[in-house]
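> Give me the fold of what follows.
(one chain, ligands or ions: 1)
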Amino acid sequence: MALPAHVRLVEVGPRDGLQNEQRPVGVADKVRLVDDLTVAGLEYVEVGSFVSPAWVPQMAGSAEVFAGIRRQPGVVYAALTPNMKGFEAAMAAGVEEVAVFAAASEAFSRKNLNCSIAESLARFVPVLDAARARGVRVRGYVSCVLGCPYEGEVAPQQVAAVAGELFAMGCYEVSLGDTIGTGTAGKTRALFEVVGRAIPRERLAGHFHDTYGQALANVYASLLEGIAVFDSSVAGLGGCPYARGASGNVASEDVLYLLDGLGIHTGIELQALIAAGERICAVLGRDNGSRVARARRGA
Ligand SMILES: CC(C)(COP(=O)([O-])OP(=O)([O-])OC[C@H]1O[C@@H](n2cnc3c(N)ncnc32)[C@H](O)[C@@H]1OP(=O)([O-])[O-])[C@@H](O)C(=O)NCCC(=O)NCCSC(=O)C[C@@](C)(O)CC(=O)[O-]
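Residues are numbered from 1 along each chain as shown. The predicted model follows:
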């Protein structure tokens, strides 16, 4: 399969990244991060989550972040909403696109959402209905697509079943999350081969964590399978609060460097993206998880 000419990067640093950082980040710094990312050319930024603050305290204040950002035309600012309560809070905050999130493993679903996979899908139905009525697009996530921290191996057919349900209920795109980063290039290709039979590949996205150092290889393997949307996190921020030891998402800067090298268009400017990552790393007092950013610092 020919490589795509254009790739859309979904920047999840302000959400997936910051939700797992130990040091609390204030609203002003979150707003600055989102604005810096759009200045760099990102056209899709996941800004926050409308989830229980008892479960993920780092995402409290998402409404204030939405109120503070300088919205750029053509940029989608999205948020996670696990249920109707989250959806209504998101609408009140002026969120224009939301995401629901399920898991391919029962144990992870219980840890992350306090319910079974089937119960989580049933909770999403009214969210999708309400979103449709308001003309709001909904993205879907499936976690643990290449391994679960509690159950180990996850069958691609199980991923296809959950992803297929999300697509059938109206998610316009389903992002497949390698939550604990155990996936390899071969397994990634096999996964998209199976899930691609249930959902058109142009409706699938890849979401890779770099715990085992395989994320960029998995992005490339996905490109070979015709996938043209990837979630990534500036400076490789984050992890997942319900997957102990999970490291951050693949760094946006590193994915961009790969794509630029392949001549694949994204509309994102590397140096500005690096600057955004360096700034938030200074706020967090942590090292930059992007190899490209670190290399450029020394250059
Ligand atoms: C889904 C629940 C709420 C169920 O949690 P629960 O405790 O079963 O919920 P409940 O319905 O029984 O309600 C309990 C309390 O939570 C409140 N509540 C209920 N809903 C909300 C809401 N939306 N916003 C704010 N508060 C809420 C509700 O009002 C009530 O408050 P109380 O009466 O006790 O004061 C909880 O499990 C939760 O918030 N989970 C979110 C976990 C999360 O955000 N995980 C990280 C995102 S997923 C991820 O990172 C993976 C991904 C997407 O990146 C892909 C990958 O890498 O795999």
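
> dump the residue contacts of the residue of the stretch 151-299 of the chain found nearest the ligand.
Per CB to the nearest ligand atom, residue 177 is where the stretch 151-299 of the chain lies closest to the ligand, at 3.0 Å. (Each C-beta comes from the backbone N, C-alpha and C, glycine too.) Contact analysis of residue 177 by CB atoms under 8 Å, 6 or more residues apart in numbering lists 141-145, 207, 209, 231.

> which SSE is residue 158 in?
Assigned by DSSP states H and E, residue 158 falls within helix 156-169.

> Sheet partners, orientation included, of the helix or strand following that helix?
Once helix 156-169 ends, the next helix or strand along the chain (criterion: DSSP H and E) is strand 173-178. Using DSSP bridges, the strands paired with strand 173-178 are strand 137-143 (parallel), strand 204-208 (parallel).

> Need those in CSV (columns: mean pLDDT and mean neighbour count).
Below are these laid out as CSV (pLDDT from 0 to 100; neighbours: other CB atoms under 10 Å):
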stretch, mean pLDDT, mean neighbour count
strand 137-143, 98, 25
strand 204-208, 98, 26
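
> what about the helix ranked longest in the chain, average pLDDT?
Taking DSSP state H as the criterion, the chain has its longest helix at helix 117-134. Average pLDDT, helix 117-134: 98.

> that older thread, between the strands paired with strand 173-178, which gets nearest to residue 287?
strand 204-208 (20.0 Å; CB to CB).

> so what does the helix or strand that comes right after that closest one touch, helix or strand wise?
Under the assignment DSSP H and E, the closest C-terminal helix or strand after strand 204-208 is helix 215-224. When contacts are defined as 3 or more CB pairs under 8 Å, 6 or more residues apart in numbering; DSSP states H and E, helix 215-224 sits against helix 185-198, strand 204-208, helix 252-261.

> Tell me the helix or strand right after helix 215-224.
strand 229-232.

> how much does the longest helix of the chain deviate in direction from strand 137-143?
160 degrees (axes from the mean of the first three to the mean of the last three CA atoms, to 10 degrees).

> If we go by neighbour counts, what in helix 117-134 is buried?
By neighbour count on 16 or more other CB atoms under 10 Å, the buried set for helix 117-134 is 117, 120-121, 123-124, 127-128, 130-131.

> Which members of these are the farthest-apart pair?
The most distant members of the buried residues of helix 117-134, if one measures by CB to CB, are 117 and 130, lying 21.3 Å apart.

> Would you mind naming what in the protein lies close to the ligand?
When proximity is defined by CB under 6 Å from any ligand atom, the chain lies next to the ligand at 16, 19, 49-52, 55-56, 80, 82-83, 85-86, 101, 112-114, 141, 143, 177, 179, 207, 240-241.
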